[in-house]
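Participant: below is the sequence, then the predicted model.
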Amino acid sequence: MNFWVIAGALTHLSILLLILARILTRPHRQPASRIAWIVVVISLPILGILAYIGFGEVNIGRKRVEKLQKIIEKMRHDLPTVRGNEPHLATKIPKPFTPVFAVGRSINGFPPVAGNIAQLPPDSNTSIDSIISDIDAAKEHVHLSFYIWLSDRNGLKVVEALKRAASRGVTCRVMADDIGSRDMVRSRYWKEMEEAGVRLAVLLPIGNILLRPFRGRVDLRNHRKIVVIDNSITYSGSQNCADPEFRVKPKFAPWVDIMMRFEGPVAIQNQYVFASDWMLHTDESLYELLLQPITMPMEDGFTAQVVATGPTERPTAIPEMFESLLFTAHERVIITTPYFIPDESLQNALCTTAYRGVETIMIFPRRNDSWVVAAASHSYYEDLLKAGVKIYEYEGGLLHTKSVTVDDEITLIGSANMDRRSFELNYENNILYHDSEMTVAIRQRQEQYLFTSVPVTLEEVRAWPFRRRLWNNTIAILGPLL
């Protein structure tokens, strides 16, 4: 009996030491994250080890990583992925904004391209109607990828539009995340699309939940929202394929989103992002499609660039984009995000921006659908307010828009939040563009949010009871565990 007790103890100690060694040597792990995981594993030896096995590694699976690396390598070497070397796509960016686009290019290799135009639909339902109108007008292909796709009114309207397009010979390729869109991918509507000729793929399928930790982390998700039509039209923003009433979480509704419609060369960059995901999850090659000529740029169009990030890119990519935009600002920065758990560098950048006299405005939802994020984000309020950052909380529903506008000149819009999930765990896609008219359009939408928001003051935060501050800071400690 004593032998087995000793053997079990030694085995457990060996596993514990191996896990601790992995925590200390895992690449790209921030010191705060290493410390947090060490504390958890030592404090809860069995549960901590199981937690690390399930959630400690940022890994979509070795085979997937190898396949994706081959796809991206072939794109960058054999295909004109940059789509900016052509003289007619060259653009002159004002010097203050050159570093921001340089950071964007360092992530995917996509340069800023000239000749784009955009439209900003007034609300979520109109955005869906616009997508459907473009699907109905498609001549060659329709590509859609959503994190959440519900079988509600808007979701089924898109299903019917895709079936109509497929019936008239348009090639339709559709992807949806296995967790976010489980309502759709397990429904009869998914099968109906397949029977109608729509080509389907499920992103990051879960498979056997017991074996999943050994094949990749279960909560690494594809959070992208991509629409590309005929290589010339694309959409980018925060909106999922669903009604704003969002029936899976109705008490937080309506979901308030932005989904911008772009025409021009930037569409091909989103096409490359879609194609890399498609070829990762299917056996169909899209290389020939990617070689097709792109839409000629508009003479009076603006400069734009796709910025796509994920757990197979460097984990600092999207925070670097946010920080570059902050350091570019001279007069005003307005930020909207529903989920705010910054790393130390981004928190410092926000405070520094306010300290140097830039009007820095942040708008969050008053009621967040994630109590964890709500508590953690509140722990950062006091330092931001002390630095002069103006914080507002939106009361008109779940403000889900992810946007940054700088000096009425440059905008970043897309799917990425200012939290650690978007930094390290989710595949995201965003578009950075330089255009005063369309930046002002987004800023005006942001100001509409402000009209339905209440300011948060430093005095209010300092008056929070001890138990609330203790709770917020305790939850915030969990942030590095991602």
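Facilitator: Perfect, thanks for sending it. Residues are numbered from 1 along each chain as shown.
Participant: OK, contacts around Tyr394?
Facilitator: Contacts of Tyr394 were listed using C-beta atoms under 8 Å, 6 or more residues apart in numbering, and they are Val256, Ile363, Phe364, Pro365, Arg366, Tyr449, Thr452, Ser453. C-beta: built from backbone N, CA, C; applies to glycine.
Participant: distance of the third one from Ile413?
Facilitator: I take that to be Phe364. Using C-beta to C-beta, to the nearest Å, one gets 17 Å for the distance from Phe364 to Ile413.
Participant: the nearest residue to Pro311 once chain neighbours are set aside: how many residues sit nearby?
Facilitator: Take Pro311 and drop its neighbours on the chain: the residue closest to it by C-beta to C-beta, 6 or more residues apart in numbering is Val58, 4.8 Å away. Applying other C-beta atoms under 10 Å, we find 19 other residues in the vicinity of Val58.
Participant: what's the answer for Asn2, then?
Facilitator: When neighbours are counted by other C-beta under 10 Å, Asn2 comes out with 6.
Participant: same check, this time on Thr11
Facilitator: 10.
Participant: ditto for the one 5 residues further on
Facilitator: A count of neighbours around Leu16, defined by other C-beta under 10 Å, yields 16.
Participant: now swap in the one 10 residues further on and tell me
Facilitator: Close neighbours of Arg26, defined as other C-beta under 10 Å, add up to 14.
Participant: with His223 instead?
Facilitator: Residues lying near His223 (other C-beta under 10 Å) number 26.
Participant: from Ile391, how far out is it?
Facilitator: Using C-beta to C-beta, one obtains 25 Å as the distance from His223 to Ile391.
Participant: ok, now Leu68?
Facilitator: Noted for Leu68: a distance of 38 Å to Ile391, by C-beta to C-beta.
Participant: between those two, which has more neighbouring residues?
Facilitator: In this view Leu68 and Ile391 are compared by other C-beta under 10 Å, and Ile391 has more residues nearby, 24 against 19.
Participant: which residues are in contact with the nearest residue to that one once chain neighbours are set aside?
Facilitator: Leaving aside its chain neighbours, Ile391 sits nearest to Val456 (4.3 Å; criterion: C-beta to C-beta, 6+ apart). Val456 makes contact with Tyr381, Leu385, Ile391, Tyr392, Glu393, according to C-beta under 8 Å, 6+ apart.
Participant: for these, which one is nearest Arg356?
Facilitator: Ranking the contacts of Val456 by separation from Arg356, with C-beta to C-beta as the measure, puts Leu385 on top at 16.3 Å.
Participant: partner residues bridging Ile410?
Facilitator: On the basis of DSSP bridges, Ile410 is bridged to Val406, His434.
Participant: count the residues that sit near it.
Facilitator: Residues within reach of Ile410, counting by other C-beta under 10 Å, total 24.
Participant: that one contacts Ile431, correct?
Facilitator: No - using C-beta atoms under 8 Å as the test, Ile410 is too far from Ile431 to be in contact (11.4 Å).
Participant: show me the contacts of Val456 that map onto helices.
Facilitator: Secondary-structure check on the contacts of Val456 using DSSP state H: residues within helices are Tyr381, Leu385.
Participant: ranking the contacts of Val456 by neighbours, who comes first?
Facilitator: Going through the contacts of Val456 with other C-beta under 10 Å as the criterion, the one with the most neighbours is Ile391, at 24 neighbours.
Participant: check contacts around that residue.
Facilitator: For Ile391, the contacting residues are Met362, Phe364, Tyr381, Leu384, Leu385, Pro455, Val456, taking C-beta under 8 Å, 6+ apart as the criterion.
Participant: with adjacent residues omitted, what lies nearest to the second one?
Facilitator: With C-beta to C-beta, 6+ apart as the measure, Glu393 is the residue that lies nearest to Phe364, at 5.5 Å, once sequence neighbours are left out.
Participant: the fifth one now?
Facilitator: Spatial nearest neighbour of Leu385, chain neighbours left out: Leu458 (4.2 Å); criterion: C-beta to C-beta, 6+ apart.
Participant: and what of the third one?
Facilitator: In space, Tyr381 comes closest to Val461 once its chain neighbours are excluded; the distance is 5.0 Å by C-beta to C-beta, 6+ apart.
Participant: how about the strand or helix carrying that neighbour: buried residues?
Facilitator: Of the helices and strands defined by DSSP states H and E, Val461 is found in helix 458-462. By neighbour count, and taking 16 or more other C-beta atoms under 10 Å as the criterion, the buried residues in helix 458-462 are Val461.
Participant: quick check: Trp190 vs Lys251, distance?
Facilitator: 27 Å.
Participant: these two: which has the busier surroundings?
Facilitator: Neighbours of Trp190 and Lys251, each counted by other C-beta under 10 Å, are more numerous for Trp190; the result is 21 against 8.
Participant: in contact with the more buried one, which residues are there?
Facilitator: With contact set as C-beta under 8 Å, 6+ apart, Trp190 has these partners: Met184, Leu200.
Participant: quick one, phi/psi of it?
Facilitator: Trp190 adopts backbone torsions of phi -60, psi -40, taken as degrees, to the nearest 10.
Participant: likewise for Met175?
Facilitator: phi -130, psi 150.
Participant: and the pLDDT at it?
Facilitator: Looking at Met175, its pLDDT reads 97.
Participant: list the contacts for the nearest residue to it once chain neighbours are set aside?
Facilitator: For Met175, ignoring the flanking residues on the chain, the nearest one in space by C-beta to C-beta, 6+ apart is Ser145 at 4.2 Å. Shown here is Ser145, whose contacts under the criterion C-beta under 8 Å, 6+ apart are Val174, Met175, Ala176, Leu203, Asn222, Arg224, Lys225, Ile226, Val227, Phe274, Asp277.
Participant: for Ser145, phi and psi?
Facilitator: phi -140, psi 120.
Participant: repeat for Ile117
Facilitator: Backbone torsions for Ile117, taken as degrees, to the nearest 10, come to phi -130, psi 160.
Participant: mind checking pLDDT for Met1?
Facilitator: The predicted local distance difference test score for Met1 is 53.
Participant: let me redo that: Gln444
Facilitator: 97.
Participant: count the residues that sit near it.
Facilitator: Taking other C-beta under 10 Å as the criterion, the count of residues near Gln444 is 11.
Participant: begin at 32 from now on, thanks
Facilitator: Done: numbering now begins at 32, and the last item shifts to Gln475.
Participant: that one and Ser176, how far apart?
Facilitator: 29 Å.
Participant: next SSE after the lowest-mean-pLDDT helix or strand in the chain?
Facilitator: Of all regular secondary-structure elements in the chain, judged by mean pLDDT, DSSP states H and E, the least confident is helix 243-246 with a mean of 64. Secondary structure here is assigned by DSSP H and E; on that basis, the next helix or strand after helix 243-246 toward the C-terminus is strand 257-260.
Participant: which helices and strands does that next one pack with?
Facilitator: Helices and strands touching strand 257-260, as assessed by 3 or more C-beta pairs under 8 Å, 6 or more residues apart in numbering; DSSP states H and E, comprise helix 155-168, strand 172-177, strand 264-268, helix 297-312.
Participant: how big is the angle separating the second one from strand 264-268?
Facilitator: This means strand 172-177. Regarding strand 172-177 and strand 264-268, their directions subtend 10 degrees when assessed with axes from the mean of the first three to the mean of the last three C-alpha atoms, to 10 degrees.
Participant: what angle do the next helix or strand after strand 172-177 and strand 172-177 make?
Facilitator: The helix or strand immediately downstream of strand 172-177 is helix 184-198, counting by DSSP H and E. If you take the same axes, to 10 degrees, helix 184-198 sits at 150 degrees to strand 172-177.
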